[in-house]
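Undergrad: What follows is a predicted protein model with its sequence.
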Amino acid sequence: MHSGTTSKNISVKVSKLASNLIGSEIIKIGNEVNDLKAKGAQISNLTIGDLNSNIYPIPSELKQGIEKAYKNNLTNYPPANGLQSLRSSVSNDLKKRWNLDYSANDILITAGSRPLIYAVFKTIVDEGDKVIYPIPSWNNNHYAYLTTANAVEVQTQESNNFLPTADDLRPYVDGAVLLCLCSPLNPTGTMFTKEQLSEICELVLEENKRRGPDEKPLYLMYDQIYAMLTFGADHYNPVSLFPEMKDYTIYVDGTSKCFAATGVRVGWGFGPSLVIDKMKALLTHVGAWAPKPEQEAVAEFLTDDSAVDKFLDDYKQKLNTSLKELHAGIQDLKSKGLAVESISPMGALYLTIKLDYLGKTTPEGKMIENSTDLVFYLINNAGMALVPFSAFGNDKSVPWFRASVGGCSLDDIKDCLPKLQKALENLK
């Protein structure tokens, strides 16, 4: 008798959560761009919210600090909540920069900001709890899915720079446990005015006054990862405007964008002690620590005000030049009668662009049915890659797009504009 295992057609199952998880549309577009570039295509990649490190290197002092830390063998586990030296440096920087008073104990260091956002959701949201966020916004839809939240997506308007107003949010705050905001906003690069954010804070405070002692409060997750990258506009934050918001606000921040250090992976969150302590406990089981050498170097760099300011002045000037060049180019196309628009850059790495060409037909007779179709048409015919707002929660019928200038040179941007004009003119 033959012994051994018998091969069967076994259906391999995974969790319902994993089965229904949607991949990143940005990564799909980026993969297409990379495949074409590998075949020799010249494409201005305005998709990923990253920096070309040859154009935008990290601060030299930070790089030297990282190298020194590795030479000194600082390669074992860091404390679960981050090095004391880094948390103290962050605490001091928050006081100097934003006049925010948070002790080192109320600051949590992680490997970039994503673990912080995940931990905020997991710490606050129970299955079916209502979470409010505007669209477009980055990844809130995915984090809501991962935490089985009842996601309430609030449509925003071009007239408000795609930022939510208190009136937009007011119908949905009853019973909600988390409101997610970001300024400067990914994907638009637009920012809350003092009045806009003040009215939202007043809404949160009013709602929390209505709640009983046994109810969860309405917390505000405030993502200010781009706060240092502003161009002629002031960045505002909830607790500086209303000190009583300190009990309800969890901040997400870090080095990734402000120091062009996306791969260095040092982020920090801060907020109410109760929430931060629970986030810390959760993340000990995830292991989302920033590497110890990088933590050591960031701690040292943050204490050097002159080096920080010198780096930011140069870095912001270069980013702003690219953003203004792209904005001017879109406005020039608009003046020539093309159905395009852009919002003047305020902060971050992004320009918001409208390309009102859905429903048009390509020279080959293919209809541009939705924003994704237009993205791939422009990749192949204009050598220009954008991200549609559908990647940030909007419907694919919305003709707005994010352009990220961090991965391109100024020459790349100048070169792609005539190609964009020709490709759009060829749509009928």
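TA: Yep, it's here. Numbering: from 1, shown residues only.
Undergrad: what's near enough to touch residue 321?
TA: Each residue near residue 321 by CB atoms under 8 Å, 6 or more residues apart in numbering is listed here: residue 410. C-beta here means a position set from N, CA and C on the backbone, and glycine is covered the same way.
Undergrad: Report the contact partners of residue 59.
TA: Here residue 59 is in contact with 259-260, 301, 307-308, 311 (criterion: CB under 8 Å, 6+ apart).
Undergrad: What does the pLDDT read for it?
TA: Looking at residue 59, its pLDDT is 98.
Undergrad: Then residue 292?
TA: 98.
Undergrad: same deal with residue 376?
TA: So, for residue 376, pLDDT stands at 93.
Undergrad: picking up where we left off before, quick check: the farthest pair among the contacts of residue 59?
TA: 260 and 307 (13.9 Å; CB to CB).
Undergrad: Show me which of those two is the more surrounded one.
TA: Neighbours per residue, other CB atoms under 10 Å: of residue 260 and residue 307, the larger number sits with residue 260, 26 against 16.
Undergrad: Please report phi then psi for the more buried one.
TA: Dihedral angles of residue 260 (phi, psi; degrees, to the nearest 10) stand at phi 50, psi 30.
Undergrad: just the one 5 residues further on next, same as before
TA: Dihedral angles of residue 265 (phi, psi; degrees, to the nearest 10) stand at phi 60, psi 60.
Undergrad: buried stuff in the lowest-mean-pLDDT helix or strand in the chain?
TA: When each helix and strand of the chain is scored by mean pLDDT, DSSP states H and E, helix 25-38 comes last, with a mean of 84. By 16 or more other CB atoms under 10 Å, the buried positions in helix 25-38 come out as 25-26, 29-30, 32-33, 36.
Undergrad: What average pLDDT does stretch 158-168 get?
TA: On average, stretch 158-168 scores 97.
Undergrad: Helices of the chain, residue ranges please.
TA: 16-20, 25-38, 60-71, 84-98, 114-124, 140-146, 166-169, 194-210, 238-241, 273-284, 292-302, 305-335, 371-381, 410-425 (DSSP state H).
Undergrad: Which one of those lies nearest to residue 265?
TA: Across these, closest to residue 265 is helix 292-302 (CB to CB), at 6.6 Å.
Undergrad: who does that closest one touch, helix- and strand-wise?
TA: Secondary-structure packing of helix 292-302 (3 or more CB pairs under 8 Å, 6 or more residues apart in numbering; DSSP states H and E): helix 60-71, helix 84-98, helix 305-335.
Undergrad: and those, which is most packed in?
TA: Using mean count of other CB atoms under 10 Å, the stretch among these with the largest mean neighbour count is helix 84-98, at a mean of 18.
Undergrad: which residues touch that one?
TA: For helix 84-98, using CB under 8 Å, 6+ apart, the contacting residues are 81, 100-105, 107, 109, 227-228, 237, 240, 266, 268, 270, 295-296, 298-300, 302-303, 305.
Undergrad: Filter these down to just the buried residues.
TA: Buried among those by 16+ other CB under 10 Å: 81, 100, 102, 104, 107, 109, 227-228, 237, 266, 268, 270, 295-296, 298-300, 302.
Undergrad: for residue 333, what are its contacts?
TA: Taking CB under 8 Å, 6+ apart, one finds 340, 417, 420-421, 424 in contact with residue 333.
Undergrad: can we see that at 10 Å?
TA: By CB atoms under 10 Å, 6 or more residues apart in numbering, the contact set of residue 333 is 339-342, 353, 355, 417-418, 420-421, 424-425.
Undergrad: Quick check: residue 265 touching residue 293?
TA: No - if you go by CB atoms under 10 Å, residue 265 and residue 293 don't touch, sitting 11.1 Å apart.
Undergrad: Look up the pLDDT of the residue nearest the centre of the chain for me, please.
TA: Geometric centre of the chain, nearest residue: residue 186, 4.7 Å, by CA atoms, centre = their mean. The model reports residue 186 with a pLDDT of 97.
Undergrad: Pull up the gap between it and residue 306, please.
TA: 29 Å (CB to CB, to the nearest Å).
Undergrad: Kindly report the same for residue 236.
TA: Taking CB to CB, one finds residue 236 at 26 Å from residue 306.
Undergrad: Then residue 89?
TA: With distances taken as CB to CB, residue 89 is found 15 Å from residue 306.
Undergrad: quick one: contacts for the nearest residue to residue 342 once chain neighbours are set aside?
TA: Excluding its sequence neighbours, the residue lying closest to residue 342 (CB to CB, 6 or more residues apart in numbering) is residue 330, at 4.0 Å. Contacts here follow CB under 10 Å, 6+ apart; on that basis residue 330 touches 338, 340-343, 351-355, 403, 417, 420.
Undergrad: Nearest to residue 53 among these?
TA: residue 403 (19.5 Å).
Undergrad: The closest residue to residue 283 other than its chain neighbours: neighbour count?
TA: Using CB to CB, 6+ apart and skipping the chain neighbours, the partner closest in space to residue 283 is residue 119 (5.4 Å). Residue 119 has 25 neighbours, counted by other CB under 10 Å.
Undergrad: hang on, isn't residue 119 packed against residue 111?
TA: No - counting by CB under 10 Å, residue 119 sits too far from residue 111 to count as a contact (11.6 Å).
Undergrad: Which residues are in contact with each of those two?
TA: 283, 286, 288.
Undergrad: Which among those count as buried?
TA: Looks like the shared contacts of residue 119 and residue 111 have 283, 288 buried, using 16+ other CB under 10 Å.
Undergrad: Any chance of TSV for the shared contacts of residue 119 and residue 111, columns pLDDT?
TA: Shown next, in TSV, are those (pLDDT from 0 to 100):
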residue	pLDDT
283	97
286	95
288	95
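Undergrad: would you list the shared contacts of residue 119 and residue 111 in a markdown table and tack on distance to residue 154?
TA: Below are the shared contacts of residue 119 and residue 111 laid out as a markdown table (distance: CB to CB, whole Å):
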| residue | distance to residue 154 |
| --- | --- |
| 283 | 28 |
| 286 | 29 |
| 288 | 29 |
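Undergrad: now, which of the shared contacts of residue 119 and residue 111 sits nearest residue 136?
TA: Looking across the shared contacts of residue 119 and residue 111 and measuring by CB to CB, the closest to residue 136 is residue 288, at 26.0 Å.
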